[in-house]
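> Got a sequence here, can you model it:
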Amino acid sequence: MSVVLFHSPLEQLRKLLDSLVAAVLRADLAPVALVCVDNSVDQDYALRCQALCDLYQSEILHITVITSTQNKGYGGGHNQALQAVKSRIHLLLNPDVELDAEAMRIAMETLANRQDIALLAPLGLSGTGRNVYLAKDYPSVWVLGVRAFAPQWVKRLSTKSAARYELRDLPADTQLRPIPLASGCCLWVNRAHLDTVQGFDESYFLYFEDYDLSLRLSGYGAVMEHGDIQVIHHGGDAYRKGWSHIYWFISSAVRFFSRWGWRWFG
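Okay, the predicted model is just below:
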């Protein structure tokens with residue numbers, strides 16, 4: 001398992017670690033190795049992060065904290081973690097998620113029974129239990145722009161495009177369904193396939209690296225979402241995080257479409 005931090009609220013990290021302990025115990029997997037990669041390049045934050053992880057060091061979680069000297073982005077951080085741990089199934093995590101207690105058990109049983117799966121994604125919920133639609137269809141420039149920057153009246157005119165992008169029109173009555181793109185906030189990945197595609201493409205500093213990974217892994221196995229594997233995701237929109245995030249979002253979107261094909265509308 002690996003998680004990448006960048007000045008991430010340590011209270012969020014604490015909740016993630018609490019949920020991991022419960023999920024690992026329920027799945028009877030202990031001990032499990034977790035690599036925390038701190039991209040903050042901040043000595044004070046690094047010390048506080050290490051102190052928190054030390055509290056969770058146990059026979060359940062073996063935690064290694066890697067303090068980066070240079071922030072190479074989200075994908076680069078996970079790639080750094082992959083070099084430090086061996087795994088058959090690797091769990092990629094954001095610090096702003098909490099796993100349901102049954103998530104690890106169901107994920108591991110599913111992957112054992114379905115060895116054709118290259119990537120397994122959970123159902124994402126908000127703190128109030130609302131579906132946040134982590135899985136996505138292939139995006140258009142229009143739908144990304146509307147979601148990120150348009151006023152509310154434009155968004156109301158684009159509900160069909162948004163619904164398609166969020167896969168709301170696909171049957172949700174099946175426990176396990178194929179999806180085109182998965183969110184990188186929580187992914188169980190076949191490590192052999194992940195190594196074959198050489199992990200994340202580090203040319204994406206932030207945003208769209210998970211979509212790119214989903215498409216590359218789809219050449220080696222199924223990309224699936226399991227409705228009974230649930231996580232709470234506390235993530236936010238790029239445009240609410242400042243100009244640097246808007247720049248990373250737009251530049252990564254251009255890189256993604258240039259590689260995989262431009263879709264302007266829909």
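
> all strands of the stretch 1-150 of the chain, in order?
2-5, 32-38, 61-67, 89-93, 97-99, 117-125 (DSSP state E, counting those that start in this stretch).

> Can you list the helices and strands that the first one packs against?
The reference is to strand 2-5. When contacts are defined as 3 or more C-beta pairs under 8 Å, 6 or more residues apart in numbering; DSSP states H and E, strand 2-5 sits against helix 10-27, strand 32-38, helix 73-82, strand 89-93. C-beta: built from backbone N, CA, C; applies to glycine.

> For Arg259, find the nearest of the ones you listed.
helix 73-82 (14.1 Å; C-beta to C-beta).

> Low-confidence regions, the stretch 51-200 of the chain specifically.
170-173 (pLDDT under 70).

> my guess is Leu16 contacts Ile63, does it?
No. In this structure, Leu16 is not within contact of Ile63 by C-beta atoms under 8 Å, at 11.6 Å.

> After the longest strand along the chain, which helix or strand is next? Please name it.
Secondary structure assigned by DSSP state E gives strand 222-233 as the longest strand of the chain. Toward the C-terminus, strand 222-233 is succeeded by helix 243-260 as the next helix or strand (DSSP states H and E).

> Format the CA atom coordinates belonging to that next one as PDB.
Taking Å, rounded to 0.1, in the frame of the first residue of the first chain, the C-alpha atoms of helix 243-260 are listed here in PDB:
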ATOM      1  CA  TRP A 243      -4.400  29.100  -9.500                       C
ATOM      2  CA  SER A 244      -1.600  26.500  -9.300                       C
ATOM      3  CA  HIS A 245      -4.200  23.700  -9.200                       C
ATOM      4  CA  ILE A 246      -6.100  25.200 -12.100                       C
ATOM      5  CA  TYR A 247      -2.800  25.300 -14.100                       C
ATOM      6  CA  TRP A 248      -2.000  21.700 -13.300                       C
ATOM      7  CA  PHE A 249      -5.500  20.700 -14.200                       C
ATOM      8  CA  ILE A 250      -5.500  22.400 -17.600                       C
ATOM      9  CA  SER A 251      -2.000  21.300 -18.500                       C
ATOM     10  CA  SER A 252      -2.700  17.700 -17.500                       C
ATOM     11  CA  ALA A 253      -6.000  17.700 -19.500                       C
ATOM     12  CA  VAL A 254      -4.100  18.900 -22.600                       C
ATOM     13  CA  ARG A 255      -1.600  16.100 -22.100                       C
ATOM     14  CA  PHE A 256      -4.300  13.500 -21.600                       C
ATOM     15  CA  PHE A 257      -6.400  14.500 -24.700                       C
ATOM     16  CA  SER A 258      -3.200  14.800 -26.800                       C
ATOM     17  CA  ARG A 259      -2.300  11.200 -26.000                       C
ATOM     18  CA  TRP A 260      -5.700   9.500 -26.000                       C
END
